[in-house]
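Undergrad: model the structure of this input:
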Amino acid sequence: MFWKFANNYRYEADWDESVDLEQIVCPINPDDRRAGKRITDLSIVLPHRNVPDVVWVHYCVIQDRILRLFREAGFTGFDVLPVEARYEMSSDEPPKLWELRVTGWGGMAPPESGIQLVEHCPACGFLKYSGASHPELLVKESQWDGSDFFMIWPLPKFIFVTDRVADVVRNNQLTGVKLQRLSSLNLRGDETYSPGRLHHYMPEVRAHELGDQLGIY
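TA: Here you go, the predicted structure:
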C-alpha cells in the first residue's frame, strides 16, 4: 500500500521575502517567463508558536525531533536542508526545522494513470502534461526504487510514502500531516501539470542520474 504524505491545511506558514527563485525566459518566446529552481535557502515565517510536527509552505518542513524519528526508523528516499524560521509576531526562537527533500524514485507516471506529455519546448525546457484520470494507478511497482519516500514524475510536489512511514505517522500521531490513499486523491483528467525540471526538486547528481535519459533533468 502506498500513500500520499499530505498537508492537512491547518497551519499556514509563509515564505520570508528573502527567498529567491531562478527566473526562466524562453529564448524563442521572450513573453514566456516563469520561475525555476529556488536559489536561496528556505526561510519561512510562522504564524504562531503552536508549530506542528510537519509544516507546509510550498515545501515540506519537519521539526528536528521528527527528523530523528525518521532516521531511527531507517526510512530511505529523502535528505534534508536547513530552514531559517521566525515567528510573525514574536521574537522567541522557533524550534529547529528542516526542509524534507525527496530523493526516492517511483518513475514516470504510467500512461494508464491518464498522464501524458502534451507540450515540450526544446529551447527553454518547458514541459506540460495532461491530468491524472486514474490516480489509483500512479504507482507502478516495477519503476519504484523501493524507497520509503519517493516522487513520481510529473508530480514532484506530491510526496508518496510506504506503509512503513504511514505506520510511524499514525503510531506517533504526527501533527500537520495526513495520509491519503491514492484512490482518494482529488485529481482530474482535465487538469494539466507544468512541473518544471527534475533538478528543481532533487540534488543535482541525483537529478542527472534519473532525469538525463528521460529528458526531464
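Undergrad: contacting residues around the residue lying closest to residue 123 once chain neighbours are set aside?
TA: Of all residues not flanking residue 123 in the chain, residue 28 sits nearest, at 4.5 Å (CB to CB, 6 or more residues apart in numbering). Any C-beta I mention is one placed from the backbone N, CA and C, and that applies to glycine too. Residue 28 is in contact with 121, 123, 124, counting by CB atoms under 8 Å, 6 or more residues apart in numbering.
Undergrad: pLDDT and neighbour count added to those residues, as JSON lines?
TA: Output for the contacts of residue 28, formatted as JSON lines (pLDDT from 0 to 100; neighbours: other CB atoms under 10 Å):
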{"residue": "121", "pLDDT": "96", "neighbour count": "14"}
{"residue": "123", "pLDDT": "96", "neighbour count": "10"}
{"residue": "124", "pLDDT": "95", "neighbour count": "16"}
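Undergrad: roughly how far is stretch 97-104 from the heart of the chain?
TA: In terms of CA atoms, centre = their mean, to the nearest Å, the centre of stretch 97-104 is set 8 Å apart from its chain centre.
Undergrad: pull out the buried positions in stretch 42-59.
TA: 42-46, 51-57, 59 (16 or more other CB atoms under 10 Å).
Undergrad: and that stretch, end to end?
TA: Stretch 42-59 has its terminal residues 9 Å apart, counting by CA to CA, to the nearest Å.
Undergrad: quick check: mean pLDDT of that stretch?
TA: Stretch 42-59 shows a mean pLDDT of 95.
Undergrad: contacts for it?
TA: 7, 10-16, 18-19, 60-63, 65-66, 81, 83-90, 92, 94-95, 97, 99-100, 157, 174-177.
Undergrad: off-centre distance for it?
TA: For stretch 42-59 - counting by CA atoms, centre = their mean - the centre lies 15 Å from the chain centre.
Undergrad: please name the spatially closest residue to residue 60 (chain neighbours excluded).
TA: residue 100 (4.5 Å).
Undergrad: then residue 217?
TA: residue 211 (3.5 Å).
Undergrad: got the residue ranges for the helices in this protein?
TA: 64-72, 163-171, 204-211 (DSSP state H).
Undergrad: list the buried ones in the first one?
TA: The neighbour-count criterion (16+ other CB under 10 Å) identifies 66, 67, 69, 70 as the buried residues of helix 64-72.
Undergrad: for stretch 142-161, C-alpha coordinates in PDB please.
TA: In PDB, the C-alpha atoms belonging to stretch 142-161 read as follows (Å, rounded to 0.1, in the frame of the first residue of the first chain):
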ATOM      1  CA  SER A 142       8.400  -2.100 -11.400                       C
ATOM      2  CA  GLN A 143       9.600   1.500 -11.600                       C
ATOM      3  CA  TRP A 144       9.700   2.100  -7.900                       C
ATOM      4  CA  ASP A 145      13.200   2.000  -6.400                       C
ATOM      5  CA  GLY A 146      12.000   0.700  -3.000                       C
ATOM      6  CA  SER A 147      12.400   4.000  -1.100                       C
ATOM      7  CA  ASP A 148      10.100   4.900   1.800                       C
ATOM      8  CA  PHE A 149       9.700   8.400   0.400                       C
ATOM      9  CA  PHE A 150       9.500   8.800  -3.300                       C
ATOM     10  CA  MET A 151       8.500  11.000  -6.200                       C
ATOM     11  CA  ILE A 152       6.500  10.200  -9.300                       C
ATOM     12  CA  TRP A 153       7.000  12.500 -12.400                       C
ATOM     13  CA  PRO A 154       5.400  14.900 -13.300                       C
ATOM     14  CA  LEU A 155       4.100  15.300  -9.700                       C
ATOM     15  CA  PRO A 156       7.300  16.400  -7.900                       C
ATOM     16  CA  LYS A 157       5.400  18.200  -5.200                       C
ATOM     17  CA  PHE A 158       3.500  15.100  -4.200                       C
ATOM     18  CA  ILE A 159       5.300  13.100  -1.500                       C
ATOM     19  CA  PHE A 160       4.500   9.400  -1.800                       C
ATOM     20  CA  VAL A 161       5.300   7.000   1.100                       C
END
